[in-house]
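Trainee: Take this sequence and fold it.
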Amino acid sequence: MSRFDPLLERHREWLGFVQPTGLLVAPLVLVERQVALELAAAEAEPWRERLAALLDEEGRAADPLAVLREVLEWPEEALPPAPRELDRYLPALEVHLRADRAIPAGKGEPPGFIGLVQVALADELDAPVKDAADGWHASPQARFERLLRECELPLGLLVTPKRLRLLYVPKGETSARCDFPFAAMATVAGRPILAAMRALLAHAHVRAGPHERRLLALLKESRARQAAVSEDLGRQVQEALAILLDGFAQAARRADPVQGVATLARAPQLYEALVTVMMRLVFLLYAEERDLLPAGPVYEEGYAVRGLFAQLEEDAARFSESMEDRFGAWAQLLVLFRLVYGGGAGGEGAEAIRFVARRGTLFDPDRFPILEGRAPPFAGKLPTVSDGHVHRLLEKLLVLNGERLSYRTLDVEEIGSVYQKIMGLEIATTSGPTLAIRPPSGRDVAVHLDLDELLAEPPARRGKGFKETTGHNLPATAQNAGSVGELEAALDKLVARGLTPRPLPAGIPVLQPTDERRRTGSHYTPRALTEPIVRETLRPVLDRLGPDAAPEAILDLCVLDPAMGSGAFLVEACRQLAERLVAAWKRHGTTPEIPADETELLFAKRLVATRCLYGVDKNPLTVELAKLSLWLETLAAEHELTFLDHALRAGDSLAGLLLPQLEGLDFDPARAERNRSDLFARLVRERLAALVADRRRVEELAEALGELELGDPRRAGGARRRLAGQGDPRRPAVADLSQGEG
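Mentor: Sure, this is the predicted structure:
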């Protein structure tokens with residue numbers, strides 16, 4: 001691969017310039033398929049001059065389609081007017097969608113069309129259109145993407161006088177896009193972007209040439225690689241969690257050289273606290289790349305997770321031998337966590353910075369006091385987690401297979417699936433020399449194996465116990481190993497070296513899967529499956545409401561996932577119901593005032609998440625992960641984390657009572673009916689009625705108030721405290737997403 005390194009760097013360079021949204025093309029795929037770039041002056045200059053000749057002094061093209069004809073060499077017959085069969089009518093919105101041009105299938109492909117071309121006169125493609133003639137205020141991007149999805153065509157070119165936008169909209173998956181700005185490409189410095197646009201979008205590379213190097217093949221292969229990315233990132237996240245645990249163990253040893261580590265291992269909720277740190281970091285990385293946190297050099301250099309990693313990278317290069325004796329990075333992360341939770345502002349002019357108070361349970365500094373040293377063994381002092389540990393931790397989250405990972409390219413469901421791999425673990429302490437054995441196919445996490453315990457087993461019985469514990473067959477050379485050294489050598493190919501580069505001694509805290517984890521496992525459901533399953537589940541319910549359903553009728557629906565895992569099905573339900581809600585607003589002329597930091601669709605998603613979605617899972621941390629997934633899907637720049645504590649609960653969904661059974665205090669419906677006149681049963685009904693009133697009050701105030709106010713008994717009837725996990729018994733779930741992960 002070394003001979004491809006220059007080309008790989010060139011592809012990384014132009015992708016860094018255009019900053020795609022979503023997973024578009026992977027640099028390694030472009031290199032493997034030998035997609036070259038015209039960067040030499042002799043190659044690039046004629047095309048740059050052609051582009052410049054099409055632009056006025058402001059960098060605008062009077063005829064945007066001329067860029068395709070003159071610079072990308074599209075003949076007129078390759079861009080025919082879009083036929084009427086590719087028009088779409090959306091009855092719920094009473095809107096007709098139509099493209100300007102269609103892209104026919106290429107040479108050697110089945111007849112038909114592979115994409116659409118739309119010319120937009122507005123330069124801003126992502127802002128809602130306030131004066132839309134048909135009343136639908138969706139952005140040009142949203143309208144065009146909807147048309148592509150309705151036509152089930154994956155490729156779109158959205159052209160304006162200032163830019164060409166490439167869209168990839170695979171069926172059942174998240175879309176991706178990137179912009180090629182004309183003015184920048186018309187300069188000498190913009191040659192890499194122009195070369196990339198030609199390498200991907202020239203007519204010969206879209207409809208002709210070797211099939212494996214055509215644009216759609218490159219886009220599809222890049223998506224196919226994403227599954228491998230998720231697997232690799234899941235492994236690294238487990239390693240990152242182990243690094244964080246080791247950092248706290250070293251800090252505990254510094255605080256109390258004799259009993260510190262033992263005290264730490266017994267600390268209540270230590271595992272939950274460390275997993276919460278990991279979820280905080282992924283929230284921040286995702287939010288930073290989506291511009292949902294303060295912008296500017298003050299944030300990037302003084303607070304940002306990305307900026308901290310860049311500084312630690314520099315420190316590691318200059319002071320590699322002293323990184324374990326430096327302790328500022330953990331404190332900086334804690335400061336950032338507190339600012340995200342409580343908000344803050346300071347500075348003036350260019351130095352001004354403001355944090356929105358996100359509140360919520362995720363960043364609550366009082367939820368896990370041990371993180372800030374307010375619990376044994378730290379005796380009120382900040383844990384001395386070294387800069388070396390923080391550096392290695394962030395490296396696992398930000399660098400994958402030698403490349404910088406972009407959280408912008410990951411679906412919310414994929415992030416959930418990655419972090420679900422670290423659920424269902426516990427902290428154990430090694431009792432002898434220990435190695436981590438990598439998981440076999442079908443399992444997610446490594447198992448730490450005590451080599452002394454394995455040696456103590458008779459050779460004839462070692463294989464059975466090893467198989468039950470690790471899922472692997474015991475290598476033949478390990479069957480008769482007589483020492484720890486021989487056993488380590490025999491197991492070499494099975495060792496997770498990222499966790500245990502060498503055997504751990506006794507007394508070291510490690511992450512070990514629980515029996516339940518090994519027995520049940522967890523499963524990631526990709527969006528290609530969740531989208532059709534949720535759509536079919538909701539279809540009969542929405543059909544009963546009819547196309548003229550009022551917005552409140554949609555918001556009165558309840559969707560329950562009784563085994564929600566990381567919330568993939570609830571996230572998809574949120575998307576689909578939000579689309580239906582926006583359509584209902586438009587149809588009835590009741591679109592509410594949309595906050596300045598949100599679009600109609602994002603505002604609708606937050607309302608749906610607050611009022612319509614319910615989920616249960618036995619693992620409390622998985623519940624937090626589901627909240628995180630929905631927060632990321634609905635997060636706005638100026639809003640708190642959505643109030644979801646009332647709807648996503650930890651518990652066993654297999655145990656429950658119908659309302660008549662609950663009111664009659666009996667599992668048997670007949671006896672329950674006879675009991676309804678009892679004094680105690682009447683008191684229960686009164687209590688349930690009060691809880692229902694509280695829930696209704698939550699719904700009324702959820703958008704206007706924040707989480708703390710909703711939990712205040714003076715503002716919302718103390719619903720969060722009083723409900724204690726009870727649902728609204730008058731609103732049965734109309735859709736049961738019982739296929740969720742768990």
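
Trainee: all helices for the stretch 351-500 of the chain, in order.
Mentor: According to DSSP state H, counting those that start in this stretch, the stretch 351-500 of the chain carries its helices in the segments 387-398, 412-420, 451-456, 459-470, 476-479, 484-490.

Trainee: What are the buried residues along the third one?
Mentor: Within helix 451-456, the residues that qualify as buried are 451, 454-455, counting by 16 or more other Cβ atoms under 10 Å. Quick note: C-beta positions are derived from backbone N, CA and C, even for glycine.

Trainee: Determine which stretch of the helices of the stretch 351-500 of the chain is the most buried.
Mentor: Of all the helices of the stretch 351-500 of the chain, helix 412-420 has the most neighbours on average by mean count of other Cβ atoms under 10 Å, namely a mean of 26.

Trainee: Not including adjacent chain positions, what is the nearest residue to Leu158?
Mentor: For Leu158, ignoring the flanking residues on the chain, the nearest one in space by Cβ to Cβ, 6 or more residues apart in numbering is Arg165 at 4.2 Å.

Trainee: Quick check: which element contains that neighbour?
Mentor: Arg165 belongs to strand 163-168 when assigned by DSSP states H and E.

Trainee: what packs against that strand?
Mentor: Helices and strands touching strand 163-168, by 3 or more Cβ pairs under 8 Å, 6 or more residues apart in numbering; DSSP states H and E, are helix 140-151, strand 155-159, strand 176-181, helix 191-201.

Trainee: That one to strand 155-159, inter-axis angle?
Mentor: When axes from the mean of the first three to the mean of the last three Cα atoms, to 10 degrees is applied, the directions of strand 163-168 and strand 155-159 differ by 160 degrees.

Trainee: between the helices and strands packed on strand 163-168, which one is nearest to Gly349?
Mentor: strand 176-181 (28.7 Å; Cβ to Cβ).

Trainee: now the strands for the stretch 1-150 of the chain?
Mentor: Along the stretch 1-150 of the chain, counting by DSSP state E, counting those that start in this stretch, strands occupy 88-90, 95-97, 101-104, 113-119.

Trainee: And the ones you listed: which comes nearest Leu281?
Mentor: strand 113-119 (37.6 Å).

Trainee: Okay, now the sheet partners of the closest one, with direction.
Mentor: When sheet partners are counted by DSSP bridges, strand 113-119 sits next to strand 101-104 (antiparallel), strand 155-159 (parallel).

Trainee: For the strand holding Arg165, buried residues please.
Mentor: For strand 163-168, a neighbour-count test (16+ other Cβ under 10 Å) marks 163-168 as buried.

Trainee: Dead centre of the protein: give me the residue that sits there.
Mentor: Val412 (2.7 Å; Cα atoms, centre = their mean).

Trainee: Quick check, Met323 in contact with Ser386.
Mentor: Yes: applying Cβ atoms under 8 Å as the test, Met323 and Ser386 come out as touching, 6.6 Å apart.

Trainee: neighbour-wise, which of the two wins?
Mentor: Between Met323 and Ser386, Ser386 has the larger neighbour count (other Cβ atoms under 10 Å), namely 22 against 19.

Trainee: three-state assignment of the closest residue to the more buried one other than its chain neighbours?
Mentor: In space, and not counting its chain neighbours, Ser386 is closest to Glu324: 4.7 Å by Cβ to Cβ, 6+ apart. Put simply, Glu324 is helix when judged by DSSP: H, G, I helix; E, B strand; the rest coil.

Trainee: need the contact list for Glu324.
Mentor: Contacts of Glu324 were listed using Cβ atoms under 8 Å, 6 or more residues apart in numbering, and they are 250, 386-389.

Trainee: Show the average pLDDT along stretch 651-665.
Mentor: Taken as a whole, stretch 651-665 carries a mean pLDDT of 75.

Trainee: Glu57 and Phe182, how far apart?
Mentor: 13 Å (Cβ to Cβ, to the nearest Å).

Trainee: Which strand or helix spans Leu511?
Mentor: Going by DSSP H and E, Leu511 is in strand 509-513.

Trainee: now the angle from that strand to helix 459-470?
Mentor: 80 degrees.

Trainee: Which strands or helices does strand 509-513 pack on?
Mentor: helix 215-255, helix 260-265, strand 425-429, strand 447-450.

Trainee: can you tell which of these is closest to Asp597?
Mentor: Once the helices and strands packed on strand 509-513 are compared by Cβ to Cβ, helix 215-255 is nearest, at 29.2 Å.

Trainee: which stretches of this protein aren't confidently modelled?
Mentor: Filtered on pLDDT under 70, the chain yields the residue ranges 1-5, 226-228, 442, 516-524, 642-643, 655-656, 695, 698-742.

Trainee: again, 50 this time
Mentor: 1-4, 520-521, 713-734, 738-742 (pLDDT under 50).
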